[in-house]
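Q: Just a sequence and a predicted model for now, questions to come.
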Amino acid sequence: MSTLAGKHIVLGLSGGIAAFKSAELCRALVKEGVTVQVVMTEAAEHFMTAVTMQALSGRQVYTSQWDSREANNMAHINLSREADAILVAPASADFMAKLLHGGADELLSLMCLARPIDKVPLIVAPAMNREMWNNPATQRNVAQLKGDGIHVLDVGQGDQACGETGDGRMLEAEEILEDLEAFFAPKTLLGKAVLVTAGPTYEAIDPVRGITNLSSGKMGFAIARAARMAGAKVMLVAGPVHLPTPRGVHRIDVRSALHMLDAVQQQVHGADVFISTAAVADWRPARSAEKKIKKDDSGQTPQLSFVENPDILAHVAQSPRAVSGQLFCVGFAAESHDLLAHATAKRLRKGVPLMVGNIGPATFGKDDNALLLVDEFGARELPHASKWSLAAQLIQDISKRMRVQG
Ligand code: C5P
């Protein structure tokens, strides 16, 4: 379940063309089980109507500090006291400057100023032209807002409504949602670096053909996302998959097992945890033809011979940092039957403290799975659920083991 379910968020809109994304954001928040109270500045109403935001949030929208619907006529107090967070999206350059100076000449800034700072976090999603964003005044304001404990989200990069291209546009609704979810998630891996491998590998036979497997990478990507939500710095080494990179995760794309080994060796030095979910091909063609192997009329088929790929996980698990307990290694065993026996044997063979078993054919490409966590003391089942939910549970489990280890 999302960390946002049941939360009450005040969504503030200041004036900017990115306000159209706030409509989508409001809808997405409501879908996650959030109650959304919209507050708009007068400038915001030039870009988006209160009617639209009311329809999407299912609640009356506040636009004025003189709103007589409030019995005590103190909308700025009442609205800020009941919120789990205030999210201002879009936050214009002017609105951020106002926040910085404690300006309070309309409801939204007044409410931000009046919020109990220790209880109600303030998150802002800046939105502006690239010159405005890069202006030293804005950059100074952003640094100072962060210093004041305000959570300033990144800006997006690309085409802007003004026709220019660069930094400063507001993040997309789903990106803000992801950052907000990460904001509320317990930071059980804060300060830790996690390296994840995911997906299949592709072993070339010739320039147009190769052998691979049915791994979709979904489980590994979900784990990378969950680790980032838990506050870790995450590096994801991905085989050939068609999946978007989870927000805040650094991704390196590779093709073959040898590429993957290379990337892992380069990245593993700084890691505290290595989670090897990739379905690495066990063998590769002994030689990959430079040119396409042509079919001729002889009826003869090409004779392929194979060599074994390096076992990346076993390799890492034998490194001095892993052996001394500085690097916690987790393997995945995709089996078709006898999960417990195979996962137990594989854990010992690979020399890792934790092996996660799953039934490969039942889960490859799917959005759900079931896991069996096997360690030196026995096995624990994580019953059938979405890959996202299982990833979050697995990260919690690994975080606990890290705490025990110190
Ligand atoms: O032996 P098997 O492929 O089933 O082992 C699964 C575990 O070992 C997974 O964690 C997988 O990522 C890892 N592995 C590896 N390099 C290989 C083969 C498997 O890292 N060549």
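A: Okay, I see it.
Q: Just name whatever secondary elements the longest helix that the chain contains is in contact with.
A: Longest among the helix segments of the chain by residue count, using DSSP state H, is helix 387-405. Using 3 or more Cβ pairs under 8 Å, 6 or more residues apart in numbering; DSSP states H and E as the contact test, the elements touching helix 387-405 are helix 218-229, strand 273-276, strand 328-335, strand 354-359, strand 368-375, strand 378-386. C-beta coordinates here come from the backbone N, C-alpha and C atoms, glycine included.
Q: Serialize those to CSV and add fields for distance to Leu180.
A: Listed next are the helices and strands packed on helix 387-405 as CSV, based on distance: least, Cβ to Cβ, whole Å:
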stretch, distance to Leu180
helix 218-229, 11
strand 273-276, 25
strand 328-335, 28
strand 354-359, 29
strand 368-375, 25
strand 378-386, 19
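Q: would JSON lines of those with mean neighbour count be doable?
A: Output for those, formatted as JSON lines (neighbours: other Cβ atoms under 10 Å):
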{"stretch": "helix 218-229", "mean neighbour count": "28"}
{"stretch": "strand 273-276", "mean neighbour count": "27"}
{"stretch": "strand 328-335", "mean neighbour count": "23"}
{"stretch": "strand 354-359", "mean neighbour count": "23"}
{"stretch": "strand 368-375", "mean neighbour count": "20"}
{"stretch": "strand 378-386", "mean neighbour count": "13"}
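Q: Is it possible to get CSV of the ones you listed that adds mean pLDDT?
A: Shown next, in CSV, are the helices and strands packed on helix 387-405 (pLDDT from 0 to 100):
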stretch, mean pLDDT
helix 218-229, 97
strand 273-276, 98
strand 328-335, 95
strand 354-359, 95
strand 368-375, 96
strand 378-386, 96
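Q: tell me which residues of the longest helix of the chain are tucked away?
A: Applying a neighbour-count criterion of 16 or more other Cβ atoms under 10 Å, one finds Lys387, Trp388, Ser389, Leu390, Ala391, Ala392, Gln393, Leu394, Ile395, Asp397, Ile398, Ser399 buried in helix 387-405.
Q: The ligand: which of these is nearest?
A: Ranking the buried residues of helix 387-405 by separation from the ligand, with Cβ to the nearest ligand atom as the measure, puts Leu394 on top at 12.9 Å.
Q: Check His76 and give its pLDDT.
A: His76 carries a pLDDT score of 93 in this model.
Q: right, I mislabeled it, should have said Arg255
A: Value listed for Arg255 in the pLDDT field: 98.
Q: I'd like the distance between it and the ligand.
A: When Cβ to the nearest ligand atom, to the nearest Å is the yardstick, Arg255 and the ligand sit 14 Å from each other.
Q: Quick one: residues contacting the nearest residue to that residue once chain neighbours are set aside.
A: In space, and not counting its chain neighbours, Arg255 is closest to Tyr202: 5.0 Å by Cβ to Cβ, 6 or more residues apart in numbering. Taking Cβ atoms under 8 Å, 6 or more residues apart in numbering as the contact definition, Tyr202 lies against Gly210, Ile211, Thr212, Gly239, Pro240, Arg255, Ser256, Ala281.
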